[in-house]
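Trainee: Dropping a prediction and its sequence here:
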Amino acid sequence: MFGSFIKKSRAKSPWIMHFDCGSCNGCDIEVLACLTPLYDVERFGIINVGNPKHADVLLVTGTVNHRNKKVLKNIYDQMPEPKAVIAIGACGTSGGVFREAYNVVGGVDKVIPVDVYVPGCPAKPEAIIDGVVAGLAKFAQKVEEAK
Amino acid sequence: MDTLILVIIGIVAGPVLGGLVAGLDRRVTAWFQSRQGPPVTQPFFDVAKLLGKERTVVNQWQILCAWVYLIGAATSVALLFAQADLLLIFFVQAVGAVFLVMGALAVKSPYSQVGAQRELLQMLAYEPVLVLVFVGFYLVTGSFSLEALWAQETPLLAKMPLLYLALGFALTIKLRKSPFDFSTSHHGHQELVKGVLTEYSGPYLGLVEIAHWYETILVLGLCAMFWHTNVAIMAVLVILTYLVEILVDNTMARMTWRWMLKRVWLLGMGLSIVNLIWLYAR
Amino acid sequence: MATTVIPFGPQHPVLPEPIHLTLKVEDEIVKEAVPALGYVHRGLEKLADIRDYHQMITVCERVCGICSMIHGTVYSQCVEELMGIEVTDRAKMLRVIWSELHRMHSHLLWLGLFADAFGFEALFMQFWKVRERIMDINEATAGSRVIVSVNIIGGVRADLSPEQIRWILSELDTAEQEIKALQDTIMNDYSVKSRTKGIGVMTYDQALELGAAGPTLRGSGVAQDMRMLGYGGYESLDFEPVTEPDGDCWSRSTVRFREVLQSIDLVRQAASKLPEGELAVKVKGNPPEGEVYQRVEQPRGECVYYVRGNGTKHLDRLRIRTPTFANIPPLLHMVPGCELADVPVIVLSIDPCISCTER
Amino acid sequence: MKGIIKDVTFDTVVGEVMHMKNDGQRLVTLSTYQAGEGKMGILYHFDKELETTHLRLVADMDKPIPSVSGVYFSAMLVENEIRDQWDVEFDGLVLDFNRTLLLDPEVTQVPLASNVKIAPKN
Amino acid sequence: MSNLLLLLILLPVAAALVCYFVRSSAVRSMTVVATGVVLALAALGLLAQGTFEPIMVGSFLGIGSDFLISVLDFALLGVIYYYGFKHKSLLIQGFTLAQAVLLVWFEVFSLKHAAVPALAGDQLTLVMVLVISIIGSLICVFAIPYMKKHEGHQHLEKSRQPRFFFFLMIFLGAMNGLVLSNNILWMYFFFEATTLCSFMLIGHDATEIATRNAVRALWMNALGGLAFVVGMMLIHFETGLIDISAILAGGPQGVVMVTGVGFLCLAGFTKAAQVPFQSWLLGAMVAPTPVSALLHSSTMVKAGVFVILRFAPAFAGTFLSTGVAVCGAFTFVACAALGVGQSNGKKILAYSTVSNLGLIICCAGINTPLALTAALMLILFHAVSKSLLFLCVGTIEQNIGSRDIEDMRGLYSRMPRTALITIIGILTMMLPPFGVLLGKWMAIEASADANIFVVVMLAMGSAMMVVYLARWAGSMMGTREEGTLSESQPLLTSVPLLTLCLGAVVLSAASPWIYNSLLAPWLGSTPFTVGFGSLESAHGTFVVVPLFLVLGLGLLYAVRAASGYRKSRFTPPYMGGANSSVSGNYVGPMNGEVEFSAGNLYLDELFAESKLTPAFNALAVALIILMLGGAL
């Protein structure tokens, strides 16, 4: 019984952690806007924790460059399972407008596995919330498969 | 036998009530911030999720310390329900608090280290105030045991109004509310990441959270003792006190420990001493 | 006395963007702060080699999402000056309106983050609530909330109808009331004052010597605002630069606070003076050889563009110096000696935009 | 380009900058561009009461360039950036990041030197 | 009976002579261990026989023992004067001369020479004898391997260990003598003997700083000796008594007598290193660690506390009593505050000791049965825990070469055994259900009846004590790396450590029964009743055994959970995402490796030793003058 409660709780309490990888800030402020009164994601139990050790979902905005790819990998490794990664915006999914710049590695999936891609330049808060929901479904599925 | 039943009630009801209080707290806070906020049962989902997460630690001391923190907090609530000696309740509570700090000091993380130091300073601030509150209690009832309270005919608040205010300081610190939320904050945005809790993760963070619920019940229980003659007024007093806590939390910035030490020592101790002198003189 | 070394960043909940400061603290007093950058560096100045001068607007707008409008404006102005194009007055005034809206949303966003830096979450929520009005205006008029992308070389691509302008003005009236109500809260609150007054002090002379820019400079009492240069329509608007004398975090936040109100006023002025005319002039050919140096006032301060053309459709050199880049040396000056708890407050008080800084 | 432009050389640059400082000028920034094979142009932009002054230094890239960070601390950051982007050295840089301000060891090419073109990544 | 008593006093003296004259280290070790065992057994034997009425001591070789003591008194004073002369200390010379003059006048003109029973033993004495003989002996045993290593570090040409153990052993004898004396002159003699021994031991290493600190200790204690003589004379002047049990039976009798007791208390203050005399004890930290352990936990300082506690009935209910309570409480809070600012492990322990002694003295001043019980409890449990901690610090220092608590960070990874014992030792100092906390609980409950200053100072002090102890214990925890060798300790090191550690825990658990059998009969009225393994009083209840069971089982469960750590994934700590390959380090500016470094908050602007000490000293002097003046 407790096991099923835990399973249910996972979907009800996704704690997010936002990492800005080299974004132009456009997506970042939209992620923050999700927390604010208009969108209020805390309704769904989503909290921005800012510490990978407490987080369930990693939101990554922006392109990966040579310096922050290590940070990104490190943060991902420090998150306890089960976890999901959501790449936000054109840059996070593919490198976007910067993809040919000399210090750019590319999208987030060049470094860590990504579960959900949220498009947009910048992605709108609605899209980000939708992405988190899709991510939760993904990670419920992952937990099932792991059994 | 009655005591045993009360203790069991305390141990079981403690986290349930504590979780609900935390849920209501988030709800009211959201209301203050023009938001809707999560469902009241949200803290239970959070903790259940945490308990189901992968166990990751930096070293094994953290596991030990998280458990002892929980055990200490639960024991202190049990003692509260057993109507034991107030000082004893307080010292047992300190066992948990000290272990939480030691677990944070055991890891090589600067955030957790600094957070632990700040947590110790918080203890330094509220402990003397609490002891003085208990001394006031003794002066009124003639005993440090909670049992002695029921023989009193007038509520304690009438005789210890200033001590109740001083207790408010201790309460705010213990509940980790602004302006005293610098060792760890309920909100993630702090210069120390999550301070003393930075390195506790997954199930161990869940344990710490449950222990925190116990502590909430402990301090609210202490507040409730100030109006023991009437259950309705007791409830109103506790609810009012907690609302004031949330109000303060939402209308104050986070302060520094330097500010805290000066204010709590001067104001908190000052209020206590004035009240105690009055009690001695009586 | 034992030293604690604290890695402040690159990933840190207080920092909106990755930057790193190695803080050496004793008794929580910062003794030394060494920065590390490059976590956001993409190298987009070099993209001028493979994107033509029209495409570069898109890139320049993404130097920073928060001040994207003004990056687009200054880039367009540079190319226009290089190519000798005169933009219509209507286009100039429309640029002013969107620029000032951008400034407002940037400042409101910053005020929220700043409140969050000293743990005043309720205030963060309130500022961001007001800010949503501006975001709505952006979305309704330009089709996008953050990066409005209205600039093109030679003018703007979107227009404002009289109804839209009326609606914008009425929204701004409401916003103004809400902001003034918040002003009472933030400026007179005891806890806010004690966390910001006297923290991170930089005097008038130091601010000039360290090359501070924007509100950071004006917070130290230097009346310098690039809009006084009178570029792109500002020459016909009436305004005084906002300054505060103390040079501490409180001054800098007050400057930004008053600038929000000033921007509302500027939008009103611009709307009332909005002339009729074409939105954009036709642009032909490539930028000729030559160099252009342009400075504009962004929400974070003075932004400098240096552009060299070489006669091809690719620019020879595009150099961007953003305000935060100029404000990092002052930051390094302000941090040592403060309390650890004040570091986030001081760091945020320069309104860091690392994405700008590192491009 | 608006504003007064003065040419300086390796020998006079620090003295001129010092002169500007004594005049109460604010160092805005340094701009760089390619000035022919093996040479780069550096512009030192100054501001006083919204009036702009530029110092132009055309430098050989294989020689250490005199640093002005001793005069204006704020030049430290931009000189480090130039060091990263052009692989030039500065003489007397107060805080030398040694080409690590923006770049990591993985980046082997010199970003802004003209003979190195960026190949689009796959 | 009296043979047992003589054994307790004279056996150490004999052992001391053997140590000094037989220069074989094997014989010396044997002697020390054997003496320790015999002393411990003798103390237990004395305990088994229970309390005894004052008894006379006969004569040696035809010389009356009282006369012998008098002669030895002057000899001692002579020796002390010699050292004062040698180190050019006018203070020592002055105080000693004054003592000698007063003593001559007292013994020759004033004293009515009558036979007075020299030795007596009540529960207080028995507890003290147990503490001295068992804990003191353990420390002496610990000293054997310690001194070997210590001298190994020093590269001495000729071992100075004979001298060291000579004084160590004499010390034990003198302490036993002190607590057993019933004749106040005997007590004075032993009091002075501990002064001399401590001087010798503090200065043992003969470095410049050691000598300087030893001289300081000597002049402060000589001042105490002078106060003792004055007190003794004043008491005799009013009551005509030098029989302690008779003095106590009489209670306070007039101004002069109470003032005399006040001077005895002052003597106790100097010996117990109360503010403003704390500096001698801090200076004593230069001595080898067994000396610190001996001086701070079981003997020297306890002598001061003992004197005050012994004479507590003689000032019950007077203003002096309140004065003593306030002075003690002040020392408690002042030294706790000074301890917060310290990073030197031995200094922390020193301040914590002085602070706890202050608490005991405060209890003696409160002077209710509850408070006196608290005092005795504290003496017993503090001695165990504190000596354990000193020995731990000594062991750690010999291994890592530092006594700074910052250097002990993560000590568990290097010295798991010692670190664990130290952590347990610290926990027994500050947390329930252990004995020291039990004592502190009693003290606070007792203080609620006293005045408000005492209450406030106790509340502040106990909070500060938690701060500096908790952070020390916490920072010693650390990760044990795979493949590190388990730590090896010599038998003579590990036996005392383990015995004391076990003792601290087991005695705490047994505290209700210790109270019942040992402490309760001491006072006429019993403040506590024992039920369900808990101590109940009118003030409140401390559920010792249930708490031990609940917290103990909880701890066991937690330990079990922690030892299942292999099920958990080990991750490096969070470093802003910039972790380097070494745990705790990160990649910082210029892609450089930045090493982990953390320091405690010492609250320098609030708790700086250099700023606080003069202020506290001045306040304490004022309080002491008030205390003595108030008695008049």
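Mentor: In hand now; what should we look at? Residues are numbered from 1 along each chain as shown, chains lettered A, B, ... in the order given.

Trainee: can we go C-alpha only for contacts and neighbour counts from here?
Mentor: OK.

Trainee: Can you list phi and psi of E:Gln253 for me?
Mentor: phi -130, psi 70 (degrees, to the nearest 10).

Trainee: what about it, how many residues close to it?
Mentor: Neighbours of E:Gln253 under the rule other CA atoms under 10 Å in any protein chain shown: 14.

Trainee: Tell me the secondary structure at residue 28.
Mentor: Picked chain A for this. What DSSP: H, G, I helix; E, B strand; the rest coil gives for A:Asp28 is helix.

Trainee: wrong one, chain D
Mentor: Strictly by three-state DSSP, D:Val28 counts as strand.

Trainee: tell me the contacts of it?
Mentor: Residues in contact with D:Val28 (CA atoms under 8 Å, 6 or more residues apart in numbering or on different chains) are C:Gly211, C:Ala326, D:Tyr44, D:His45, D:Phe46, D:Asp47.

Trainee: next one: E:Ile452
Mentor: E:Ile452 neighbours (CA under 8 Å, 6+ apart): B:Ile273, B:Leu276, B:Ile277.

Trainee: ok, now E:Val307?
Mentor: Neighbours of E:Val307 in contact, by CA under 8 Å, 6+ apart: E:Leu264, E:Cys265, E:Gly268.

Trainee: Which helix or strand contains the second one?
Mentor: Yep, that's E:Cys265 we're talking about. helix E:255-271 (DSSP states H and E).

Trainee: Can you give me the pLDDT of C:Gly233?
Mentor: C:Gly233 carries a pLDDT value of 81.

Trainee: Report the spatially nearest residue to it, omitting neighbours in sequence.
Mentor: Counting by CA to CA, 6 or more residues apart in numbering or on different chains, C:Lys92 is the residue found nearest to C:Gly233 once chain neighbours are left out, at 5.3 Å.

Trainee: Now for the one you found, which secondary structure element holds it?
Mentor: Counting by DSSP H and E, C:Lys92 is found in helix C:89-117.

Trainee: next helix or strand past that helix?
Mentor: Scanning forward in sequence from helix C:89-117 by DSSP H and E, the next helix or strand is helix C:121-142.

Trainee: contact partners of the helix or strand following that next one?
Mentor: Where DSSP H and E defines the elements, the next helix or strand beyond helix C:121-142 is strand C:151-152. For strand C:151-152, contacts defined as CA under 8 Å, 6+ apart pick out C:His54, C:Ile57, C:Met69, C:Gly72, C:Thr73, C:Ser76, C:Arg95, C:Arg157, C:Ala280.

Trainee: Residue 25: what's it in contact with?
Mentor: Let's take chain A. Neighbour list for A:Asn25: C:Glu17, C:Cys64, C:Gly65, C:Ile66, C:Ser355 [criterion: CA under 8 Å, 6+ apart].

Trainee: Let me rephrase: I mean chain C.
Mentor: Counting by CA under 8 Å, 6+ apart, C:Val25 has contacts C:Thr3, C:Thr4, C:Val5, C:Ile6, C:Lys31, C:Glu32, C:Leu340.

Trainee: What pLDDT is listed against the nearest residue to E:Met465 once chain neighbours are set aside?
Mentor: Leaving aside its sequence neighbours, E:Met465 sits nearest to E:Ala336 (CA to CA, 6+ apart; 5.6 Å). pLDDT, E:Ala336: 89.

Trainee: Show me what the helix or strand where E:Ala336 lies is packed against.
Mentor: Applying DSSP H and E as the criterion places E:Ala336 in helix E:319-340. Applying 3 or more CA pairs under 8 Å, 6 or more residues apart in numbering or on different chains; DSSP states H and E, we find helix E:319-340 packed against helix E:255-271, helix E:345-366, helix E:452-476, helix E:604-607, helix E:609-631.

Trainee: most tightly surrounded among the ones you listed?
Mentor: Sort these by mean neighbour count, taking mean count of other CA atoms under 10 Å in any protein chain shown, and helix E:345-366 sits at the top with a mean of 29.

Trainee: And chain B, is the helix or strand following it touching that?
Mentor: Sequence order places helix E:369-400 as the next helix or strand after helix E:345-366, per DSSP H and E. No - contact of helix E:369-400 with chain B (CA under 8 Å from any CA of the partner chain) is absent, the minimum separation being 13.4 Å.
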